[in-house]
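K.L.:
I'll drop the sequence and a predicted model, then ask my questions.
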Amino acid sequence: MSQRCYYEVLGVEKTADGETIKRSFRKMALKYHPDRNPDDPDAAEKFKECAEAYEVLHDAEKRQRYDRYGHAGVNGNGQHFSSNSDIFSHFSDIFGDLFGFSGMGGMGGGRNRPRAGADLRYNLEITFLQAAKGAEVKIKIPRQVLCPECEGSGAAPGASPAACPDCRGTGQVVRSQGFFQLQMPCPRCHGQGRVITNPCPRCRGAGEVEQVRELAVNIPAGVDSGNRLRLRGEGEMGLNGGPPGDLFVVLQVQADKNFERRGQDLILHREITFVQAALGARLELPTLDEPVSFEVPKGTQSGQVFRISGAGLPYPGRGRKGDLLVELGVLTPTGLNAEQEKLLREFERLENKKPLNKAKKVIKKMGSAMWL
Ligand SMILES: [Zn+2]
Ligand SMILES: [Zn+2]
């Protein structure tokens, strides 16, 4: 494997002085720091490369050998870092003031690695009309955010976390137990490697505070109960520079007094008298928009369903709409007066000569097409 020139790696001249090399390394380390590039494995490699280059060039003797013999001159003695935590412990004096807390990343069994924030779930009840038409609804989300006072360091303004005196900043302590030596997370700093001697008054050293955020949720027209809306990056904050989680808004749509819902179709139940059913009638029906005038055809049967195309709910994100299905129930009259009864007897006498064969045919046909 060919190795890049160390000067090139750090982007400095061969004649650069120690201070320039140190400054350049800090700049590079900041850029490729794994906490800042959690999803980029190349960054971690570059970070390691920079560390190796710096390890040689900041040491006068090693640098001289490197200048004279190239990589061969230092390979035997040059530091080869197997992990980021190696680098952190080796250069802890530089990283300490560079990165504050997260600069000790990778120590203590990965406890300080960048971690994505948790996703949050929010149950939102909306009205039928909001679901049908779409709406912008404001919600309030309590969540943990970086303390604005100390920017997450947990230290009081002006003070910075100090290297833990018990573990000297490594986050690990060695305990002897019988014949064994056990390495364990430092109990004083909980493996963080740093302690806060002067905690931030706002968050009491926690580095985070609860904040209630008001968010506007855009509800697309046509959503249904159980639909989830994802608000990227609105979940809990990440740890050690990790990305925040997402917020999932789970919708619960209230029932409507007029319409029953079946997918994107709406069902409307209406009752008509048997005279209206027999003779036909004009009804005014509610829809999601303006009421419409609906013509009940002559000879309508109870339970018959009429379809008004495109008067249902929109399919979210598509132009298409469902239908409005009108189910008509025929009411049988009660409490007839003498004259009405007489007229119905007369009606029956005339009807007896021609039984309701046509109606039977209609009902039979409806039966095969029944879906409600
Ligand atoms: Zn704070
Ligand atoms: Zn400690």
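P.N.:
Noted; the coordinates are in hand. Numbering: from 1, shown residues only. Ligands and ions are numbered 1, 2, ... in the order given.

K.L.:
Return the per-residue confidence for Gly18.
P.N.:
pLDDT recorded at Gly18 is 85.

K.L.:
How much space separates the spatially closest residue to it that is not a sequence neighbour from Glu49?
P.N.:
The shortest distance from Gly18 to any non-neighbouring residue, by C-beta to C-beta, 6 or more residues apart in numbering, is to His58 (6.3 Å). Using the backbone N, CA and C atoms, a C-beta is placed for each residue, glycine as well. According to C-beta to C-beta, to the nearest Å, His58 and Glu49 sit 15 Å apart.

K.L.:
what's the answer for Pro34, then?
P.N.:
13 Å.

K.L.:
Counting neighbours around each, name which of these two comes out higher.
P.N.:
Pro34 (22 against 18; other C-beta atoms under 10 Å).

K.L.:
Can you classify that one by secondary structure?
P.N.:
For Pro34, the assignment made with DSSP: H, G, I helix; E, B strand; the rest coil gives coil.

K.L.:
what about the closest residue to it other than its chain neighbours, which SS state?
P.N.:
Excluding the flanking residues, the one nearest Pro34 by C-beta to C-beta, 6+ apart is Ala44, at 5.0 Å. On the three-state scheme (three-state DSSP), Ala44 is labelled helix.

K.L.:
Check Glu327 too.
P.N.:
Counting by three-state DSSP, the backbone at Glu327 sits in strand.

K.L.:
count of residues packed around it?
P.N.:
For Glu327, the tally of surrounding residues (other C-beta under 10 Å) stands at 16.

K.L.:
now swap in the one 5 residues further on and tell me
P.N.:
Applying the criterion other C-beta under 10 Å, we find 7 residues in the vicinity of Thr332.

K.L.:
these two touch, right, it and Thr273?
P.N.:
No - in this structure, Thr332 is not within contact of Thr273 by C-beta atoms under 8 Å, at 9.1 Å.

K.L.:
which residues in the stretch 101-250 of the chain form helices?
P.N.:
Taking DSSP state H, counting those that start in this stretch, the helices of the stretch 101-250 of the chain run over residues 128-133.

K.L.:
Can you find the helix or strand of the chain with the lowest average pLDDT?
P.N.:
One helix or strand of the chain scores below all others by mean pLDDT, DSSP states H and E: helix 92-99, with a mean of 50.

K.L.:
any idea how this structure splits into domains?
P.N.:
6-81, 120-149+205-253, 259-369 (automatic domain parsing).

K.L.:
quick one: the shortest one to chain centroid distance?
P.N.:
Between the centre of domain 6-81 and the centre of its host chain there is 39 Å, according to C-alpha atoms, centre = their mean, to the nearest Å.

K.L.:
How about the contacts made by Gly233?
P.N.:
Listed by C-beta atoms under 8 Å, 6 or more residues apart in numbering, the contact partners of Gly233 are Pro243, Pro244, Gly245, Asp246.

K.L.:
nearest spatial neighbour of the third one, skipping sequence neighbours?
P.N.:
Put plainly, it is Gly245. Nearest to Gly245 is Gly235, by C-beta to C-beta, 6+ apart, at 2.7 Å.

K.L.:
Could you do the first one as well?
P.N.:
Closest residue to Pro243 apart from its sequence neighbours, by C-beta to C-beta, 6+ apart: Ala116 at 5.1 Å.

K.L.:
Just confirm that neighbour contacts Gly245, I think it does.
P.N.:
Yes - taking C-beta under 8 Å as the definition, Ala116 is a contact partner of Gly245 at 6.1 Å.

K.L.:
which residues do the two both contact?
P.N.:
Residues touching both Ala116 and Gly245 (C-beta under 8 Å, 6+ apart): Gly238.

K.L.:
which parts of the stretch 151-300 of the chain sit against ligand 2?
P.N.:
Contact residues, the stretch 151-300 of the chain versus ligand 2 (C-beta under 5 Å from the ion): Cys164, Asp166, Cys167, Cys186, Arg188, Cys189.

K.L.:
Check these one by one and keep those near ligand 1.
P.N.:
Among these, not one lies near ligand 1 by C-beta under 5 Å from the ion.
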